[in-house]
Every structure is written in structure tokens, then in C-alpha cells.
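Colleague: Build the 3D model from these lines:
(2 chains)
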There are 2 protein chains.
Amino acid sequence: MATKNLKDNKAHAKLEELSKKAFDLTAEGALSKDRLKEYRSDAGSLQMFYGTQRVNEETMSALQELADDSKAVDQFQSMLRGDVINKIDGHECENRQVLHTAVRNVFADLNDEKNIGKSVDAIKAAQAELDKLDKFCKEIASGAISNTVGQPFTDLVLVGIGGSDLGPRAIYLALKKYAMPQRRVHFISNVDPDDAAATLNGLDLSKTLVTVISKSGGTLETLTNETFVADRFKSAGLPVNKHFICVTGEGSPMDNPSKYLRTFYMFDYIGGRYSVTSMVGGVILAFALGYKKFEDFLRGARKMDLNSLETDITKNLPLLAAVLGVWNRNYLGSETLAVLPYSQALSRFAAHLQQCDMESNGKRINRQGEALEEATGPIVWGEPGTNGQHAFYQLIHQSETVVACDFIGFKKSQYEQDLKVKGTTSQEKLNANLLAQSIGLATGKSSDNPNKVFPGNRPNSLIMADQLTPEVMGQLLAFYENKIAFQGFIWNINSFDQEGVQLGKVLANEILDTYTEGKPADANSPSYILMKEAGLI
Amino acid sequence: MATKNLKDNKAHAKLEELSKKAFDLTAEGALSKDRLKEYRSDAGSLQMFYGTQRVNEETMSALQELADDSKAVDQFQSMLRGDVINKIDGHECENRQVLHTAVRNVFADLNDEKNIGKSVDAIKAAQAELDKLDKFCKEIASGAISNTVGQPFTDLVLVGIGGSDLGPRAIYLALKKYAMPQRRVHFISNVDPDDAAATLNGLDLSKTLVTVISKSGGTLETLTNETFVADRFKSAGLPVNKHFICVTGEGSPMDNPSKYLRTFYMFDYIGGRYSVTSMVGGVILAFALGYKKFEDFLRGARKMDLNSLETDITKNLPLLAAVLGVWNRNYLGSETLAVLPYSQALSRFAAHLQQCDMESNGKRINRQGEALEEATGPIVWGEPGTNGQHAFYQLIHQSETVVACDFIGFKKSQYEQDLKVKGTTSQEKLNANLLAQSIGLATGKSSDNPNKVFPGNRPNSLIMADQLTPEVMGQLLAFYENKIAFQGFIWNINSFDQEGVQLGKVLANEILDTYTEGKPADANSPSYILMKEAGLI
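Modeller: Take a look at the predicted model:
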């Protein structure tokens, strides 16, 4: 049994004590050769440098104790094996398995009882969907599936929102370089009608597939946008069921094969924000990159899932990031985490992680339904570097608000099209800035001019890989997914439900009723007053 | 003379006292009809509803006192009149005027000494650049400027970073709906070579203009990308000086008319993050939308500048937002501000404000060079709704971390292409969600199930306008620009320099030297050790 609250861990008092004299990165020689070499962990294709975190040997040993006390790795294994962990004891909750990892576990040995457990059906179901997807891709490639006049499909529009949009979009942008010629993906998510209108502008619908994604089959934004897009196809004289694919839960209101060219299934044990490796990401990624590259992406994620079973925090990269995050959040008081990839291809990765982390760990009760006393998930934000350097880094360097940072970088660019200006390539300039920021935030700088003082001691990690390939992307994604899960286990919260989205839905429906009825149920309700004041009715 | 520190204001003690019993938005009937009507301010085309902030009459009167004490409006007027306010007393600093407003002041009466003051030369210079731009647009339209075989230019690539990228990009995306047929703008900012490679992919360079923007003429990323793009033009046999435009400071290393088709000037009294209304935004917006619509955008900004001269906080919208922001940041402890536009067109507006706010107010010393005791600028982040609802709103609703929110909405969509699904249009659904979130975050909701409890008292404002047009966009931009300036005046910080970017530059240059020399100046420097460890050298 894991600890109920962060403060119940034996390591808690020790960490509180250590936080008062956290390692000073600004001291002369603090970033020594030995330190920078020692505070490095590798897993898969990723290397993590964390000498620029405010930890020393004592802190690391207390953080290991915290990981052990809270049985973080046991809990992760229990998740992987298909135990019902999406629950709050004694209270109504989703009561589900959490098995987004099953999709990656198709590469596992199903007889390995210790690691497979109750996840076996989920793995088989994942394999069946993958086989369908592989076949579908082959049919498109061979021309067995084509448009009504026998031409190949070139464009695919994803209609989905939240987990059915941000993850697929972030990964597609990250891997667009590897897309097949003449294959493009577009996204419609917002119920704002301008989103659909702008996206469809200029598309040749006759060569366009549409993937509609909603697990419940009832997401209002998605159904509305599906209707919007379907109307356009009908106006163009194109048969919707020859152009529209659907990704939904088996038996959902959308699960109607006569309406769609092909139907792929997602499952209630895969949360939207963890669904990129399922058919939610699979359909668009396999369409754009080809099925094999999507499989490479899954293999990368699988590699990180296996790494997450290590109990030593210096060997388990996601767990290491998790405990360093807890150290920064709960003991050093960083309310936010900036994710700063030095790669334009990762332009929407921080937005995806913002969703994945904040929807998972933005919680205030533990898994026994008790109010927590300690802070939980940070606010996650960020933009690619070097762009951010010219934007918001001023605050990170010189304000009193301490922001924890994750830097992400790659030795090689994706396109490998580069040139030397002033003696260095663009990639060298990019990486020079990357290292400079990691070090500068840590060490700071003194000056006689108070306006040129950099206080330093801004904790950060540097995550490096050789090149952003599909496999590396899979590793990086699972690295963060599993880090978030570990933090939830340590805080003893249920990272897998999202009750916080319900109130807004209820209130929005009241307002929609006012629109359809032409009058409110209660003329004194705040929403009706605002509707009138804002001239909306 | 303004107050030196927030705590020196007479209102400070009162506000601290009031914060202990801040208005409870969760109380039965708290959001009454009277309150929601009273806590509303209008300026230009914008309405701001702030009944969902934790203020009452007493708070508002103390906030008015704070605005008065700190002479916020006098300071704003002094900025407009061209006094040297970008300075730190007794210390080396930029010592400049701050006159991004001069571009909008071209509509003012130059004889109005009280409001024009020393800004007259800046206004005349702005007018001269606008005239050049108008002429340039006419020449493109008439065909007097065309490509080497007499075809019209259809595409424009902006090469710039930070203020020369985020603002223009955010506003272009916001107003793309109004672009002329066959006019598209693209952006290259990151020194990551993949950014340029991916952007140029598929562009017909023969019909493409390139605008290179760097005030100093020495921004490394921009010069590197300019070379990258110019190489492509040369390889395609296209003359660079017939395709490249430049926006730079007069006399900068880039100010070489023989190299460019046209040169536009920017001025050292316009900070990059405030430069959207200058030629930095002007060239691309006028190219895409036509010169007249760019002028509409400026007129909108001008309207908000005039509104910013009102001394009554309930009449001065930017000042109202500023004092509410100070209340949330310094007295109620919100470290971050989420900007949540319910409009897909504003997809990058939060990223622009993130830059504008955090680079301006992420400071730790006052204008006398003394360390401040109070918090300054918040971390600004956000994504469009309803998307965010399916992503990170969980944390805002249910975590203990209180996030202040600005909601932005519009009665009408831009494309006005809409359809009814389940009895309501998409725009109605969008706005129903907008109001629902504003109200739900304020009131919260109790429940027997602790997992369904919403604590409420999440302070937020709702900013509404009829439709996102060029003029409204100008108002909205200046609303935030001026709000940020007011907060800097109240905190007594210099919002107009950015010393925090310097340390990274110095360290990056050391690393670049190591690349060019093939060996480090100091083999024990942290950067060299990391370079080696990460396999970068």
C-alpha cells in the first residue's frame, strides 16, 4: 500500500529539511566536471543531464527513498498489468483500468504473467486495431481505396478536440518531415465555426479523407464539426461514407459502419490525453508517415515503458524526472514547469504536455477522497527555443518567480539542410543557445549594476537525443506520460479521471437551453444576466 | 513622483487587509443581477465584465486609490508625450523614450501640446514610413512591383524572431480571414534549420517576397535565416534584391538599400514586443490585408490609447485590468494569468502576450535599482477555448493552485459560416461555453462526492466585442499593451528594457567560439563539459 499523503512518506521531513539548504548552483565551481558527468542518466536514445537541478547526494538519496516509500514503480507495474487504478476509494468514480500502455505492449511476450496480468485482452484488442490500420494503409497505397473517380487520397482532416486533437497534432507536426509525398493532415477542433471554415478553405475535398474522433461518440464540439464538414462534402456532391473514417468506442452512438468508410475502436481504459499511441493518433500518423513509421513510434514508447520498471531513480528516466519535479514543486515552491524544446518540430509538444499533465494531476483530493495538504501538478507551459529566449526568458532569468525548466535538444536537425554563417551551422547555434540557457539559469551572474544581476538557482534539466525520429518521438512522449503517472502515484491522486470538466458542461447546457427555448429557466441566473448584458440574446 | 514600491502606496495596507476577506464569489446569490451589471466597463468596441473578480466596492475604491497614488495615468501620458522613461536612476540603462504609441498617434492633432510633447518627431517619422508602405502596396497592386517575369507576388515570408515574429504572426492569424485572395504570409523565426526548411517546402519562390526584420540589424537567428533563404533564391536563379524587403533601424548594418527591394525603418524607441503596430507588423499586414485595413487596425489601437488617459479605473479599461491584475497577483497570490480567447483566430495571441507581458514585467528591481519586495509580472499562458476546456481547465477548476483568467469572446464569428446542430449554432455553443466557464470558475459547486467539489473563487474577467475585425484587434492589442505598461508603472519597474536576455547571449557566444576554434577557452567550463557529454563536439 502506497502512502496516503506526501507528508506521510518517511523522506518528507528529510526533504523539507534539505530544501532549506538546497544545493547552491551559483557557488563558484558548483557545476564541476564531476557533477555534470555524474548527474546524467541515459535510457533508450535519451540522455538526461540534471546537474543543473538543486540536488546533491543527500537529496538524491531522499528522493530515492520517496520513490520507494510511495511504491511508485509497483504502482506503475500494477497499471501496466491492468489493475483497476482509475478510482477513488469509497466514492463514485470511473473505476477503470488504465491501459494506454497496452498498445505498446503488442511487442511483449503475452506469457510474461508478471508484466501482462489482466492487460492481455487490451493487448489483443490493440493488435486487432493495428492490423486493421495496417490493412487500411495498404489499401490506400494500392488504390483499393480511392476517391469516387479512382484518384488517391492526399489530405486527411482530423475532427476531434482535447485528447483527440492536441496529441495527434503535436506528434504529426513533430514528424511531418517524414511524411510521404502528397500526404498532408489538417485539424479541426474548436467549436468556433471559424476553425472549420478556415481549415476547409482551399482543400480539394474530392481527395480528402476525414477522421472523426470521439470515444463517447457524443462530444458536442466534434459532432457539430462533423456535421459542418459533412455538409460541405454533400454540397460538393461527395458521398460522406466514402470519405469519413471514425475512431470511437465500440457500441457508441457513432459506431455505425454504414456511415463510415472504416471504423476504428478506442477503449474506455485509454484516457483521451493518453491516446496518441492508440488509433486516435494511429490513423493520421499511419496515413501521413506510413504504417511502419507509426510502429517505430510505438516501439519507442514501449522502450520507455520498460525503462519505467527500473526501481533505481538514476536508471528510470521518467521516475527521475518525476521526483525532481516533486522536489521543485513541493519543496522548492515552483508552481510552474516550462517545457522548452530546441526544435521547431516540437512547436505544439508543450501544449500537448500541458493537457496531459494538468488534466491528470490538477487535483486536490487523494485516492481516499480526502483533501490534500500539499500542492499537486504544476502549470505546464512553454514554446520552442530559441524563440522563447526572445520572448519570455526575461522573467525566468530575472524575476523572483522561480520557474523550473525542461530543455529538450537534438544533436542533428531533421531535414539536415544547414549552412555555416559566421563559422557555425544553424544547428550548432541552436545547441549553443540550448546549453547556454541551461547553464546560465543555474549559475546566474553577479554585477555592480543591479539591473544586470542574474540570481541563478533556476532549476532545470536538459534532455538530449541524437535526432527527432519517430522512434525517439515515441520515447519522448512515453517519458512524459510515465513521469506524469509517477507523480500522481507519489502524490496519491487519481491521475486518470477529469471531474473538473463537468461543471462547465452543465452550465453550458443551461445556456444552450436558453438559446433553444428563447427564454431562461431562471431569469436571475448569472448566465442569463451575462447573456443579456453581452447582447448574446 | 510615483511611489517607489507597491507597499509605499497608501492603499497597500488597506488592500492587504481586504485580501483577508476578499469578496466570496461562491456565496449564495453572490453573482446578482446588480453586481453583474455594475461590474461592467465599456471602451471603444470592448466590454469588460468583472463581477467574477473577487472585488467589492471597498476593493474597487482601494484599487482606484492605488492607481491614483502611483500616478499611473500621469506616467502613461508622460510615455505618450515622449519623456525618457526607459531608464533606471543612477545605473547604466537604455535611457530611451518609449514611443510605440507614436505610430497610432499619426491620427492626432500635432498642435495638442499637452498630449504630443516630445513625441512629435516620432509621429512624423511614423507617418513617413506609413506613406512609404502605402505607396509600396499600391505599386504591388498596380503591377509596378512584380517578379522578374512580371507576375504578381502572392506569398510573403517574414524572417524575424521574438518581437519581430510573435506579434506579427498572432495578428496575421487573427485577421487572415480578411486577407486579399492570393495573398499568404509565412514565418521563419527559429535558428533551428528545420524551421526554414519546412516553411520553404512547397513555396513558389518566384512569386515570393521575403521581409527580414531586425532593429539592430544584428540578430543572429535572423541573419542566419536570411542567409539560408537567400541561398535558396540564388539556387533558383532569383535576384535577392528584387525579392527581399528589410525592416531595420536607420543606419544599422542591414540598412543597405542596394541589397533590398525596399527598406522600412523601425526606431530605437519602439521595443520589439511593442512593435506590431510599427513597420514590423505593418509590412506583412498591409501586404496581406491591404493598407486600409492595416490603418483600421492602427485606429483601433489609437482608440484604446485615448481611453488609457481616463483617470477613473472604471472608465479606463487597460487601467482597470491592470489594477485587477495587481490585486490577483500581489494580494490574492495568483502567480499566473491564463488568457483564454474563445476564437480560433486568436490561437497565437496568448503567446504574443506571454512575450509582451513577461519580457516587460518579469523584473526584480525598481526604477531606482533597488530589489523589490513584492511580486511583479505574472506568468502568462493560455490556449483558445473551447479547446482548453478539454485540456488544462481541470487544474484551474479543481486544483488548489488559483489561476487568474481573462476570457475573450465575440458575438459573431468572422466567416459567418455556421449551422445549427441540436437547435443551436456553433457560435452559440462557443459563447455558451465561454459564459459557463467564467461563471463556473467563480461560483464553484459543492457535492457530497469530494471528487465532484469545485472550490470556486477563481477570479476572472470576460472581455467581449461584436466581431474580431482589424479595428477590434487593434483595440484588443493596445488594451493589453497599455495594461502591461500600467502594471509596470504601479510596480515602479522599467517595463521597457530586457537585460535578462544578455547572459544567455554571452554564454552562447562562448560555446560558438568553441565550435569555431575546435577547442574551448576553458576545458573545465560547464558548457564545454556538457558539449562533450552530450556528444556535440
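Colleague: Tell me who's in contact with the closest residue to residue A:35 other than its chain neighbours.
Modeller: Closest residue in space to residue A:35, ignoring its immediate chain neighbours: residue A:51 at 4.7 Å, by C-beta to C-beta, 6 or more residues apart in numbering or on different chains. From N, CA and C alone the C-beta is placed, and that goes for glycine too. With contacts defined as C-beta atoms under 8 Å, 6 or more residues apart in numbering or on different chains, the neighbours of residue A:51 are A:31, A:35-36, A:38-40, B:526.
Colleague: which ones among those are found in strands?
Modeller: residue A:40 (DSSP state E).
Colleague: Quick check: of the contacts of residue A:51, which has the highest neighbour count?
Modeller: residue B:526 (26 neighbours; other C-beta atoms under 10 Å in any protein chain shown).
Colleague: what's the closest non-adjacent residue to that residue?
Modeller: Residue B:526 sits nearest to residue A:31 (C-beta to C-beta, 6+ apart), 3.8 Å away.
Colleague: Do I have it right that that neighbour meets residue A:439?
Modeller: Yes - Residue A:31 lies in contact with residue A:439 (C-beta atoms under 8 Å); the separation is 6.6 Å.
Colleague: Check for me that residue A:65 belongs to a strand.
Modeller: No - counting by DSSP: H, G, I helix; E, B strand; the rest coil, residue A:65 is located in no strand; its state is helix.
Colleague: still on that earlier bit, and the contacts of residue A:51, which of them are in helices?
Modeller: A:35-36, A:38, B:526 (DSSP state H).
Colleague: from the residues you listed, which single one is nearest residue B:82?
Modeller: residue B:526 (44.1 Å; C-beta to C-beta).
Colleague: Residues of the stretch 51-200 of chain A that sit close to chain B?
Modeller: Taking C-beta under 8 Å from any C-beta of the partner chain as the measure of proximity, the stretch 51-200 of chain A contacts chain B at A:51, A:88, A:91-93, A:161-163, A:165-166, A:176-177, A:189-198.
Colleague: how does it look with 7 Å?
Modeller: A:88, A:91-93, A:161-162, A:166, A:176-177, A:189-195, A:197 (C-beta under 7 Å from any C-beta of the partner chain).
Colleague: contacting residues for residue A:491?
Modeller: A:6, A:361, A:376 (C-beta atoms under 7 Å, 6 or more residues apart in numbering or on different chains).
Colleague: how close does residue A:214 get to residue A:130?
Modeller: Distance, residue A:214 to residue A:130, by C-beta to C-beta, to the nearest Å: 21 Å.
Colleague: Could you check which of the two has the larger neighbour count?
Modeller: residue A:214 (27 against 21).
Colleague: remind me which residues of chain A are low pLDDT?
Modeller: A:1 (pLDDT under 70).
Colleague: Centroid-nearest residue for it?
Modeller: residue A:353 (3.6 Å; C-alpha atoms, centre = their mean).
Colleague: That residue - that's part of a strand, no?
Modeller: No - Residue A:353: not assigned to a strand; according to three-state DSSP it is helix.
Colleague: quick one, strands of the stretch 201-350 of chain A?
Modeller: A:208-214, A:244-249, A:262-266, A:336-341 (DSSP state E, counting those that start in this stretch).
Colleague: These into a markdown table, with extra columns for distance to residue B:299?
Modeller: Shown next, in a markdown table, are these (distance: least, C-beta to C-beta, whole Å):
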| stretch | distance to residue B:299 |
| --- | --- |
| strand A:208-214 | 40 |
| strand A:244-249 | 45 |
| strand A:262-266 | 50 |
| strand A:336-341 | 37 |
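Colleague: and chain B, which of these is closest to it?
Modeller: Proximity to chain B (C-beta to the nearest C-beta) singles out strand A:336-341 among the strands of the stretch 201-350 of chain A, at 5.6 Å.
Colleague: what residue of chain A is the furthest out?
Modeller: residue A:448 (43.1 Å).
Colleague: Dihedrals phi and psi, that one?
Modeller: Residue A:448 adopts backbone torsions of phi -70, psi -30, taken as degrees, to the nearest 10.
Colleague: before we move on, what about residue A:101?
Modeller: The phi and psi values for residue A:101, taken as degrees, to the nearest 10, are phi -70, psi -20.
Colleague: for it, what are its contacts?
Modeller: A:80, A:305.
Colleague: how near is it to residue A:76?
Modeller: Note on residue A:101: its distance to residue A:76, by C-beta to C-beta, is 9 Å.
Colleague: Could you do residue A:70 as well?
Modeller: Taking C-beta to C-beta, one finds residue A:70 at 11 Å from residue A:76.
Colleague: joint contacts of these two?
Modeller: Contact with both residue A:70 and residue A:76 is made by residues residue A:489, according to C-beta under 7 Å, 6+ apart.
Colleague: now the helices: where do they sit in the stretch 301-450 of chain A?
Modeller: Using DSSP state H, counting those that start in this stretch, the helices of the stretch 301-450 of chain A run over residues A:317-326, A:349-361, A:393-398, A:426-443.
Colleague: What is the shortest one packed up against?
Modeller: Taking 3 or more C-beta pairs under 7 Å, 6 or more residues apart in numbering or on different chains; DSSP states H and E as the contact definition, the neighbouring helices and strands of helix A:393-398 are helix B:349-361.
Colleague: same thing with the last one?
Modeller: Helix A:426-443 is packed against strand A:404-410, strand A:460-465, helix B:220-235, helix B:502-517, helix B:526-533, with contacts defined by 3+ C-beta pairs under 7 Å, 6+ apart.
Colleague: The third one vs chain A: in contact?
Modeller: When you say that, I think you mean helix B:220-235. Yes - Helix B:220-235 reaches chain A (C-beta under 7 Å from any C-beta) through B:220-221, B:223-224, B:227-228, B:231.
Colleague: Where neighbours are concerned, which of those has the most?
Modeller: Most crowded among the residues of helix B:220-235 next to chain A, counting by other C-beta under 10 Å, is residue B:221 at 28 neighbours.
Colleague: ok, now which ones touch that residue?
Modeller: Applying C-beta under 7 Å, 6+ apart, the residues near residue B:221 are A:386, B:161, B:190-191.
Colleague: Not counting sequence-adjacent ones, nearest residue to it?
Modeller: residue B:191 (4.1 Å).
Colleague: wait, doesn't that neighbour sit right on residue A:430?
Modeller: Yes - contact criterion C-beta atoms under 7 Å: residue B:191 and residue A:430 qualify, at 5.1 Å.
Colleague: Give me every residue in the stretch 251-400 of chain A that's in contact range of chain B.
Modeller: A:335-336, A:342-345, A:351, A:354-355, A:358-359, A:362-365, A:369, A:375-377, A:379, A:381, A:383-384, A:386-387, A:389-395, A:397-400.
Colleague: Any of those residues buried? List them.
Modeller: A:335-336, A:342-345, A:351, A:354-355, A:358-359, A:362-365, A:369, A:375-377, A:379, A:381, A:383-384, A:386-387, A:389-395, A:397-399 (16 or more other C-beta atoms under 10 Å in any protein chain shown).
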